[in-house]
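my questions are about this predicted structure, shown below with the sequence.
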Amino acid sequence: MTTEETSKCGPDRDKNHVNTGASGAVYGLGLIGAAIYFIGQAATFWAGVLGFLKAIIWPVFLILKAFQALD
């Protein structure tokens, strides 16, 4: 290993790394909640499938409504 390679090893190799575990948990809980809501509103099997797909992309709806409110 060269000195350049060894300088990238160890605990100081990535000082700008941010742990995003909490945001993943929030998204996961939001996904579960949205899936329960959308599937609960479904009257047919395919409406339930569509509800699950909506639950996956629920942040898109949130941002869209936020931008519409700003306009």
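Looks like it arrived, so ask away.

might you list the low-confidence residue ranges for this protein?
Residues of the chain meeting the criterion pLDDT under 70: 1-15, 17-20.

longest helix of it?
helix 21-40 (DSSP state H).

quick check: what element follows it along the chain?
The element immediately downstream of helix 21-40 (helix or strand, assigned by DSSP states H and E) is helix 45-56.

buried residues, that following helix. List them.
Within helix 45-56, the residues scored as buried using 16 or more other CB atoms under 10 Å are 48, 51, 54-55. Where you see a C-beta, it was placed from the backbone N, CA and C, and this is true even at glycine.

from residue 71, how far out is residue 61?
16 Å (CB to CB, to the nearest Å).

those two: which is more packed in?
Neighbours of residue 61 and residue 71, each counted by other CB atoms under 10 Å, are more numerous for residue 61; the result is 11 against 4.

give the contact list for the residue lying closest to the more buried one once chain neighbours are set aside.
In space, and not counting its chain neighbours, residue 61 is closest to residue 54: 7.6 Å by CB to CB, 6 or more residues apart in numbering. Going by CB atoms under 8 Å, 6 or more residues apart in numbering, residue 54 touches 34, 38, 61.

go on, residue 31?
Each residue near residue 31 by CB under 8 Å, 6+ apart is listed here: 55-56, 58.

host element of residue 66?
Residue 66 belongs to helix 58-70, assigned by DSSP H and E.

what's that helix packed up against?
Applying 3 or more CB pairs under 8 Å, 6 or more residues apart in numbering; DSSP states H and E, we find helix 58-70 packed against helix 21-40.

CA atoms of the helix it packs on as CSV?
Only the C-alpha atoms of helix 21-40 are listed here, as CSV (Å, rounded to 0.1, in the frame of the first residue of the first chain):
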residue,chain,number,x,y,z
GLY,A,21,-30.5,6.1,9.8
ALA,A,22,-33.2,8.2,11.5
SER,A,23,-34.6,9.6,8.2
GLY,A,24,-34.8,6.0,6.9
ALA,A,25,-36.8,5.0,9.9
VAL,A,26,-39.2,8.0,9.4
TYR,A,27,-39.6,7.1,5.8
GLY,A,28,-40.3,3.5,6.7
LEU,A,29,-42.9,4.4,9.2
GLY,A,30,-44.5,6.7,6.7
LEU,A,31,-44.5,3.9,4.1
ILE,A,32,-46.3,1.6,6.5
GLY,A,33,-48.8,4.2,7.6
ALA,A,34,-49.5,5.2,4.0
ALA,A,35,-49.9,1.6,2.9
ILE,A,36,-52.4,0.9,5.7
TYR,A,37,-54.3,4.1,4.7
PHE,A,38,-54.4,3.6,0.9
ILE,A,39,-55.0,-0.2,1.1
GLY,A,40,-57.8,0.4,3.7
